[in-house]
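Participant: Turn this into a structure:
(chains A and B)
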Amino acid sequence: MKLPGKAFNIIYMVFLLLLVVLPLVIVLYYAFTDGSGHFTWENFFLFFSNSRTLATLFYSLVIALITTAVALFLAYPTAYILAQRMVKNPALWLMVFVTPMWINSVLRLTALKEILSAIEGNIAYYPFLNTILGMTYDFLPFMIMPIYNSLIQIDPSLLEAASDLGARQKDTLLRVIIPLSMPGIISGVTMVFLPAMTNYVVLDMMYNGTFIMGSLIGSYFNSYDWHNGSMISAVLLLLIFVMTMVDNPKRKDVKRQKAEVTE
Amino acid sequence: MTENCIIELKNISKTFDGDTVAVDGVNLKIRQGEFVTLLGPSGCGKTTILRMLGGFEVPTTGEILLNGKNIAELPPNERPINTVFQKYALFPNMNVYENIAFGLKLKKLPKPEVEKKVRRVLELVDLEGFEQRKITTLSGGQQQRIAIARAIVNEPQILLLDEPLGALDYKMRREMQLELLTMHKELGMTFIFVTHDQEEALTMSDRIVVLSQGKIQQVGRPEDIYHIPRNAFVADFIGETNIFHGRMTGSRQVNFLGKDFSCSEAYPAGTEVEVVIRPEAFDVCAPCTGMISGEVISCVFKGTYYEISVLDEDGKNEIMIYDKKALKPGEKTDLSVQPKNMHVMLYDTHKNHFAMERDGVLMDAYFSPWDARLSDDAEEGSLRGNIVSIIYKGDHYSYTVHTEEGDDLFVNDEYLWNTGDYVSIVIPASKIEYNRMEGEGAL
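Facilitator: Prediction:
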């Protein structure tokens, strides 16, 4: 069956309205209303005056930052080794790093939990460490893939040129390879940092606590406090929006350069 | 020559993946300040030689002596040699200044000196004031100049140029050729240039090294390469040419196209030879007044001359001539040629050796290129392979076939095949001669 463009657009618009716009409107509605349905700023002020929400926000930030840093630290050398074909079969190795994503994350984390219990005796002894381990394990492929993709796009003759001009391997890495793989690093960081901020499952399984934004929202909803739960979601949404904007000017710069070349 | 020889290749070979021979026993000395061009068709090994000089490949065997010291295993960053890459290889994350200053900053030169040097090379390549420009905003020609500037700012002893003008349009190319020559004169640096464009090589070089299938075919000044080619490959590759098969009939007399001509080279009578005559070397004369009679088959205007094809009276040889006057197709004409305008070279018939098992004994077999023919039926002949080169020789084509066993065999065939064609070589059994192999004979 061939769908005419317009009909296809309508189906797409309906999907968008029902599954993206409507839920957002509902979240915003609850965030700015009280129990009887009147508009209020109270939930907003409560968010910033409640030490528990603020502490959780801060704690989430710390966990997300550490996870991102650890993932980047592990992913960059891995992607570099694979992209430089320093191992015999890079495609196979890439598969090894990516295939875990095909398994449900709860299953993966359960397995990790078993392994950690065997090593640590009781995972409750090291909740923070385990959370970082779980998050890194969960998000590592999202860091490896974009970095790997940006690394394999670097023209090998650039590395030869650097060496020709007197650069040792260290100089080539610092002055050519890392700057040229920056787009991959940025998208990897975005893809790990933002989900790590709001992750629920890992914390729930590894920490059994509600010290992260996702679980905080969950705890409000579980106690039928739709309004405060929605406000936290709305604030997070705003934060993510701001962070994506910070990331954006660079991309515009790239687009402008491309336009200049094609002129 | 030895005292001012800057770099010497000593018996250099390079084999890839254990069996692909890219460079095969090359010996070459290059003088300080020389402009040397490595010329040959794609796959002849010229780029591999350049990459070994730059340090990007290590020779399988042999030595590279820079001022007498072997540098074959030295990494690129430790050689006083810089390269202008084929696709420029400018760093897209840096602006023009940062690109050119890259090598100087690594040498930890003080900033004012770096700035002075960058400004000077930018002047040299005619791009003053381009320091802050982004690489992506430059045209191909400008990127080319920056790539040259980035290499010469380091004041290398040798500058390697890997087909640097390949991506430029014709006019730009001619302009850059002259600019490179001026730069070479000003800097006094040794330039080693790689190209597949024979015209470019003739224009620019002090000496040309003609390569084919990993081997040096001839080294010489452009005039010598053009007028006194050492073999049919060089004659055919450098400029348009006519090659005729002939035989000496006296010490300075050669028979080809069914006639006797006097020539300046002396070989014993009976020697098989090839005669090279450039299209512009023929004199067109009225019918019945020249040595060669024929009929014009085509005449094409080429700007400063006409390119005219003449079929000789036997109807077997097509001769190409350049002349200032146009001739009409169908017109009868005669041609003559001065002895000094033809070049007679030995025809090498002893190249077609291959190993063959006969009565359980491995024998060294050989055949003449004249006795074999090509077939597209792989089962018809006893040897199979791909055509790697074609040279047109008046009434036939001379083919080089690279066989599955790794031998290069020569076959003369009157029909036209294409480079790369998979063919079998049909040799009548009676025409194969055998010799006992030297060393161990029996299997």
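Participant: Secondary structure class of the residue nearest to B:M363 when sequence neighbours are not counted, three-state.
Facilitator: Excluding its sequence neighbours, the residue lying closest to B:M363 (C-beta to C-beta, 6 or more residues apart in numbering or on different chains) is B:Y434, at 4.4 Å. Placement of C-beta: from N, CA and C, glycine included. Here B:Y434 is strand, with the state taken from DSSP: H, G, I helix; E, B strand; the rest coil.
Participant: residues in contact with B:Y434?
Facilitator: Taking C-beta atoms under 8 Å, 6 or more residues apart in numbering or on different chains, we find B:Y434 in contact with B:356, B:358, B:363-365.
Participant: need these in CSV with secondary structure, pLDDT and neighbour count, can you?
Facilitator: Formatted as CSV, the contacts of B:Y434 follow (DSSP: H, G, I helix; E, B strand; the rest coil; pLDDT from 0 to 100; neighbours: other C-beta atoms under 10 Å in any protein chain shown):
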residue, secondary structure, pLDDT, neighbour count
B:M356, strand, 79, 17
B:R358, strand, 76, 10
B:M363, strand, 81, 18
B:D364, strand, 82, 15
B:A365, strand, 83, 20
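Participant: Which pair of the residues you listed spans the longest distance?
Facilitator: The span of the contacts of B:Y434, defined through C-beta to C-beta, is set by B:R358 and B:D364 at 10.2 Å.
Participant: For stretch B:161-171, measure first residue to last.
Facilitator: 19 Å (C-alpha to C-alpha, to the nearest Å).
Participant: repeat for stretch B:41-60
Facilitator: 22 Å.
Participant: Quickly check: it near chain A or not.
Facilitator: Yes. Looking at stretch B:41-60 against chain A by C-beta under 8 Å from any C-beta of the partner chain, the contacts come from B:54-56.
Participant: pLDDT on that stretch, on average?
Facilitator: Averaging pLDDT along stretch B:41-60 gives 94.
Participant: now stretch B:428-443
Facilitator: 68.
Participant: Let's test this: mean pLDDT of stretch B:319-326, rounded?
Facilitator: 92.
Participant: For that stretch, list every residue counted as buried.
Facilitator: The neighbour-count check on stretch B:319-326 (16 or more other C-beta atoms under 10 Å in any protein chain shown) flags B:319-323 as buried.
Participant: Which of the residues you listed fall in strands?
Facilitator: B:319-323 (DSSP state E).
Participant: Which residues lie in contact with the nearest residue to B:R221 once chain neighbours are set aside in this structure?
Facilitator: By the measure of C-beta to C-beta, 6+ apart, the closest residue to B:R221 outside its immediate chain neighbours is B:R207, 6.0 Å from it. B:R207 makes contact with B:34-37, B:219-221 under the criterion C-beta under 8 Å, 6+ apart.
Participant: Only whichever of these are buried, select them in ChimeraX.
Facilitator: In ChimeraX, a selection of the buried entries from these looks like this (16+ other C-beta under 10 Å):
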select /B:34,35,36,37,219,220
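Participant: Just put the contacts of B:R207 in a markdown table and tack on secondary structure.
Facilitator: What follows is these, written out as a markdown table (three-state DSSP):
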| residue | secondary structure |
| --- | --- |
| B:E34 | coil |
| B:F35 | strand |
| B:V36 | strand |
| B:T37 | strand |
| B:V219 | strand |
| B:G220 | strand |
| B:R221 | coil |
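Participant: mind listing the helices for chain A?
Facilitator: In chain A, the segments counted as helices under DSSP state H are A:5-16, A:22-31, A:42-49, A:51-83, A:90-98, A:105-120, A:127-152, A:156-164, A:169-172, A:178-180, A:182-198, A:201-206, A:213-222, A:226-262.
Participant: and of those helices, who's closest to B:D283?
Facilitator: helix A:156-164 (50.2 Å).
Participant: what sits up against the closest one?
Facilitator: Contacts of helix A:156-164 (C-beta under 8 Å, 6+ apart): A:171-172, A:175-177, A:180, B:54-56, B:75-77, B:81-83, B:85-87, B:89-91, B:102, B:151.
Participant: what's the offset of that helix from the middle of its chain?
Facilitator: Taking C-alpha atoms, centre = their mean, to the nearest Å, the mean C-alpha location of helix A:156-164 is offset from the chain mean by 33 Å.
Participant: Grab the CA positions of it and hand them over as CSV.
Facilitator: Backbone C-alpha positions of helix A:156-164 (Å, rounded to 0.1, in the frame of the first residue of the first chain) are rendered in CSV as follows:
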residue,chain,number,x,y,z
PRO,A,156,44.5,8.4,8.4
SER,A,157,46.5,10.8,6.2
LEU,A,158,46.1,13.4,9.0
LEU,A,159,47.9,11.1,11.4
GLU,A,160,50.6,10.6,8.9
ALA,A,161,50.8,14.3,8.3
ALA,A,162,51.2,14.9,12.0
SER,A,163,54.0,12.4,12.3
ASP,A,164,55.6,13.8,9.1
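Participant: Show me where chain A dips below the pLDDT cut-off.
Facilitator: Applying pLDDT under 70 to chain A picks out residues A:1-4, A:207-215, A:247-263.
Participant: Can you name the residues of it that neighbour chain B?
Facilitator: Checking chain A against chain B by C-beta under 8 Å from any C-beta, the hits are A:155, A:157-158, A:160-168, A:171, A:175-176, A:179-180, A:182, A:257-258, A:260-261.
Participant: For the stretch 101-250 of chain B, which segments are assigned as helices?
Facilitator: B:111-124, B:140-152, B:170-187, B:198-204, B:222-227, B:232-237 (DSSP state H, counting those that start in this stretch).
Participant: Pipe those into CSV and attach mean pLDDT, distance to chain A and mean neighbour count per row.
Facilitator: CSV is the format used below for the helices of the stretch 101-250 of chain B (pLDDT from 0 to 100; distance: least, C-beta to the nearest C-beta, whole Å; neighbours: other C-beta atoms under 10 Å in any protein chain shown):
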stretch, mean pLDDT, distance to chain A, mean neighbour count
helix B:111-124, 94, 13, 15
helix B:140-152, 93, 7, 22
helix B:170-187, 90, 17, 15
helix B:198-204, 91, 22, 19
helix B:222-227, 92, 28, 18
helix B:232-237, 89, 27, 24
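Participant: And the ones you listed: which comes nearest A:A7?
Facilitator: helix B:140-152 (46.3 Å).
Participant: picking that back up, quick one: the residue nearest to B:M363 and chain A, what's the gap?
Facilitator: 46 Å (C-beta to the nearest C-beta, to the nearest Å).
Participant: same thing with B:G214?
Facilitator: Distance from B:G214 to chain A, by C-beta to the nearest C-beta: 22 Å.
Participant: my read: that residue touches B:I49, true?
Facilitator: No. Counting by C-beta atoms under 8 Å, B:G214 does not reach B:I49; the two are 9.1 Å apart.
Participant: So which of the two has more stuff around it?
Facilitator: B:I49 (29 against 23; other C-beta atoms under 10 Å in any protein chain shown).
Participant: Quick one: work out the angle between the helix or strand hosting the more buried one and helix A:156-164.
Facilitator: Per DSSP states H and E, B:I49 falls inside helix B:46-54. Calculated by axes from the mean of the first three to the mean of the last three C-alpha atoms, to 10 degrees, helix B:46-54 forms an angle of 30 degrees with helix A:156-164.
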